[in-house]
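**Q** I'd like to go over a predicted model; first the sequence, then the structure.
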Amino acid sequence: MADRLRAFAPWRATIIACLCLAAAAADAGEPRLDLLEPQGAQRGTTVSVDLVGPRVGKSPLHLLLERPGVEVLRLEPVDGNRVRAELQLADDCPLGIHPLRVHTGTGLSNLRTLHVGALAEANEAEPNDAAEQAQEIALDTVVNGVVKAADVDRYAVQLAEGERLSVEIEAMRLGRTFFDAAIAVLDPAGEQIAFCDDAGPARQDAMLSLVAPAAGRYTVVVHDAAMQGNDQSSYRLHVGRFPRPTAAYPPGGQPGEQLEVRWLGDAAGERTETITLPADAGPDYGVHPADDRGASPTPLPLRVVEIPNALEAEPNDNREQPTAMPTIAAATGVIGTPGDLDHFRFPAKKGQAIDFRMYAQQLGSPLDGIVRIYNLDGRQLAANDDDRGKPDSYLRFNPPEDGEYLLRVEDRINQGGPEYVYRVEATRPAPVVDLRLDELQRYVSQTVVVPRGNRTVVMVTASRRDVGGPLQVQAAGLPAGVTATAPELPGNFNRVPIVFEAAPDAELTAGLWTIGATPLDENKPFATRFEQQTWLVRGRNNVPMWDYYADAPPIAVTEAVPFRLRLVEPKAPLVQNGSKDLQVTAERDEGFDGAIRVRMLYNPPGISANNSRSIPQGKSDAVVPITASGNAAVGEWPVVVWGEAGIDGRIVTSTQLVTLRVAPGHMGLTFPTVAVTQGGAGEYVVPLEQRTPFAGAAKLELLGLPPGVTAPVVEVTSDATEAKFPLTVAADARVGRHRSIMCRVTLTEADEPVVQTVGRGEVRVDPPPQPPQATATAAQEGRNS
């Protein structure tokens with residue numbers, strides 16, 4: 001269900017420049033946007049909105065808006081933590097949620113949402129807790145209010161007999177806090193006649209509609225479902241005569257199709273409307289049902305996909321009466337009653353797989369659907385409940401032979417009703433690569449903020465489905481003066497860094513860029529998709545209660561920052577079971593001597609790094625120690641280090657990409673078990689297997705020797721077959737078996753040390769043998785005793 005907000009937002013970004021730009025501040029720091037005051041407005045009006053949060057008022061440049069219809073007339077700082085925007089909302093401004101960010105000279109803020117409605121705006125007037133204190137409002141009004149601890153807000157409206165009343169609340173969806181709002185309607189006698197806590201299309205928010213049984217004064221009640229609340233529990237309450245269906249049937253069609261849609265669940269009754277689906281929309285498309293009395297604040301989603309609908313024809317409850325459908329189609333229906341089963345019959349050929357993907361809860365339906373595939377004899381061949389964390393089902397069916405098969409749809413707990421709508425899309429498997437930006441901070445969606453004359457970096461994860469081989473991740477649509485560098489992504493790995501660099505004179509701007517991937521083998525094409533999650537409200541155990549999914553990531557160019565980082569490219573390899581120091585240098589501007597924390601963006605397979613390193617205050621260098629396991633992936637790996645400094649906030653930059661070569665060790669070592677005696681001497685001989693020739697001599701040092709046992713460093717050349725370590729054993733050397741003997745091999749390649757530490761040998765230290773006379777005396781004394 002996290003896709004819901006994304007489903008209603010098939011737009012692209014609009015970059016809005018303010019009319020009066022403040023000069024960039026000398027100090028730097030990322031802005032954080034906490035709230036909008038107010039958070040919504042009526043379309044067709046001009047509204048002043050305060051954007052509040054740390055550093056948003058320092059050199060504000062733009063608002064980055066992701067939907068059309070909002071024009072910024074003015075953007076002015078009020079103070080360092082508040083900026084005021086005068087916004088013009090077009091008469092045809094799209095209803096609903098408009099994501100935005102504040103771009104300042106020092107950063108790009110996190111995402112918050114502006115909510116555009118069709119009704120006149122009003123504000124809550126306290127006190128309105130008691131029945132006699134209910135605030136009088138006109139029909140067709142949006143009320144902006146707050147539910148504080150144990151608060152109950154009441155609003156009174158006058159209705160004529162037979163008049164429709166629709167109520168919808170935006171609370172959790174404002175993205176401010178965990179506010180589980182509930183709404184109720186009381187009749188003129190004070191009796192509750194309608195109630196809603198959660199509604200599928202509104203997720204954790206509530207909506208309802210009713211037809212007034214008699215004329216009179218009705219009361220709308222708002223409260224937290226658990227009777228909690230706080231100063232952050234704000235809401236927008238839509239009260240009007242607008243249509244409020246809860247489902248659309250069929251819930252999708254083909255691009256450009258004239259689709260006859262039945263709006264289900266409205267108190268005024270079912271209504272049919274013909275809708276022209278856009279020819280260029282993405283698969284997720286939202287429609288605000290409307291009539292002459294208004295438009296629904298929350299849209300209902302429709303799937304727009306290039307496959308025909310196969311609408312169920314009742315009765316189809318059993319396998320003897322299935323609805324016929326083509327192999328490739330969208331099986332569409334309603335689990336209309338508890339225990340209902342819907343069957344579809346389709347042809348399939350052996351060796352031609354079919355993907356079946358359900359859309360139900362993702363469309364706001366209450367159906368907890370299960371899909372099953374049977375042969376005509378009733379034997380189940382495949383089934384699925386939920387798909388990899390998503391609420392709806394998916395399975396891939398490989399027909400065992402040519403013939404006819406049955407698709408069955410049911411509710412997991414045998415529920416049903418007129419709004420239990422579903423759509424099961426049957427398609428051929430198509431190779432696809434899903435891309436996303438990794439979070440540098442957990443639960444904080446990643447942005448690309450690149451200072452002038454500097455660099456920044458993001459990590460991309462590429463999830464392949466039916467795709468093999470290497471690919472190239474690409475960045476397009478970047479601001480002028482910004483370049484991106486991404487290395488090739490090998491077929492056996494799924495993560496790749498992209499380094500962005502801005503020219504010293506790059507324009508201070510913000511926007512959305514396009515990320516994609518292409519195969520290196522032109523004979524293996526695939527599609528790419530991107531989505532980025534923004535966590536807005538989290539529940540217990542960090543379950544996302546309300547979030548936003550974007551189909552393009554944001555980027556901003558900011559003023560220069562007072563340091564630049566460079567990673568010294570290693571010339572010699574890091575070998576398996578080896579270690580190496582990566583050197584990071586900082587070029588500082590005069591006047592900046594603060595500490596800079598540095599860490600690897602990611603570790604290639606089998607590599608680990610010390611990520612607690614910093615360039616100390618006033619210094620210009622630091623090393624990042626890295627180590628390789630015995631099975632570290634051999635090859636050339638692009639690596640990058642990012643740095644973070646506190647300059648009135650958090651500033652992040654990166655080094656350039658460098659190549660780290662991971663190689664097998666130059667030699668293999670076999671470790672024996674050797675026994676020595678206290679006060680004596682011995683020799684530890686290690687057979688060598690030379691694997692990679694090297695110049696000069698390698699130094700070998702035994703590690704883990706027991707206390708009191710020493711051995712010198714020995715040198716060998718690449719043609720040596722063994723290394724001999726003389727052991728000197730002190731008289732008080734620790735007696736016992738010591739099984740952690742290792743050897744550190746150090747050689748020089750390209751004027752750099754190559755270090756390998758291997759082994760698990762054993763040295764046993766025995767006490768000196770007793771003289772024969774002492775042994776005999778001890779034995780006699782034992783007999784006499």
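**A** Sure thing, it's come through. Everything quoted here is computed from the prediction, not taken from an experiment.

**Q** Just name the shakiest helix or strand of this protein by mean pLDDT.
**A** Least confident helix or strand of the chain, by mean pLDDT, DSSP states H and E, is helix 4-7 with a mean of 36.

**Q** show me where the protein has helices.
**A** For the chain, the helices defined by DSSP state H cover 4-7, 772-784.

**Q** Comparing those helices, which yields the minimum mean pLDDT?
**A** Ranked by mean pLDDT, the helices of the chain end with helix 4-7 at the bottom, a mean of 36.

**Q** Pick out the residue closest to the middle of this structure.
**A** Centrality entry for the chain: nearest residue to the mean C-alpha point is residue 533, 4.4 Å, by CA atoms, centre = their mean.

**Q** Contacts only, for it.
**A** Taking CB atoms under 8 Å, 6 or more residues apart in numbering, we find residue 533 in contact with 2, 436, 445, 544, 547-549. Any C-beta I mention is one placed from the backbone N, CA and C, and that applies to glycine too.

**Q** Quick one: buried ones out of the residues you listed?
**A** Neighbour counting by 16 or more other CB atoms under 10 Å classes 2, 436, 445, 547-549 among those as buried.

**Q** Of these, which is the nearest to residue 637?
**A** residue 436 (20.7 Å; CB to CB).

**Q** Name whatever forms a beta bridge with the closest one.
**A** residue 461 (DSSP bridges).

**Q** How far does stretch 107-121 stretch from one end to the other?
**A** One end of stretch 107-121 to the other measures 33 Å (CA to CA, to the nearest Å).

**Q** mean confidence for that stretch?
**A** Averaged over stretch 107-121, pLDDT sits at 97.

**Q** gap between the nearest residue to residue 542 once chain neighbours are set aside and residue 580?
**A** Leaving aside its sequence neighbours, residue 542 sits nearest to residue 443 (CB to CB, 6 or more residues apart in numbering; 6.9 Å). As judged by CB to CB, to the nearest Å, residue 443 and residue 580 stand 33 Å apart.

**Q** Settle it for me: which of those two has more neighbours?
**A** Using other CB atoms under 10 Å as the criterion, residue 443 and residue 580 rank with residue 580 on top: 22 against 12.

**Q** The more buried one against residue 571, yeah?
**A** No - Residue 580 is not in contact with residue 571 according to CB atoms under 8 Å; the separation is 11.0 Å.

**Q** Tell me which residues touch residue 145, please.
**A** 123-124, 153, 222, 234-235, 237.

**Q** Tell me, how many residues neighbour residue 324?
**A** By the measure other CB under 10 Å, the count of residues near residue 324 is 13.

**Q** Excluding chain neighbours, what is closest to it?
**A** Residue 324 sits nearest to residue 345 (CB to CB, 6+ apart), 5.4 Å away.

**Q** which residues pair with the residue nearest to the centre of the chain across the strands?
**A** residue 549.

**Q** Can you name the residues that contact the closest residue to residue 234 other than its chain neighbours?
**A** The shortest distance from residue 234 to any non-neighbouring residue, by CB to CB, 6+ apart, is to residue 146 (5.0 Å). Shown in contact with residue 146 (CB under 8 Å, 6+ apart): 124, 229, 231, 233-235.

**Q** returning to what we had before: please convert the buried ones among the contacts of residue 533 to CSV, extending it with distance to residue 494 and pLDDT.
**A** Output for these, formatted as CSV (distance: CB to CB, whole Å; pLDDT from 0 to 100):
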residue, distance to residue 494, pLDDT
2, 21, 34
436, 11, 97
445, 20, 92
547, 23, 93
548, 24, 94
549, 20, 93
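
**Q** Now flag whichever of the residues you listed is closest to residue 667.
**A** Ranked by distance to residue 667 (CB to CB), these are led by residue 436 at 42.0 Å.

**Q** For residue 674, give the beta-bridge partners.
**A** Beta-bridge partners, per DSSP bridges, of residue 674: residue 763.

**Q** Quickly list what residue 183 is bridged to.
**A** Going by DSSP bridges, residue 183 forms beta bridges with residue 196, residue 222.

**Q** wait, it sits on residue 206?
**A** Yes - the pair residue 183 and residue 206 passes the contact test of CB under 8 Å, sitting 4.7 Å apart.

**Q** Any buried residues in stretch 423-431, and which?
**A** Within stretch 423-431, the residues scored as buried using 16+ other CB under 10 Å are 423-427.

**Q** cool, and stretch 313-328?
**A** 316, 319, 322-323, 325, 328.

**Q** from those, which has minimum pLDDT?
**A** residue 319 (93).
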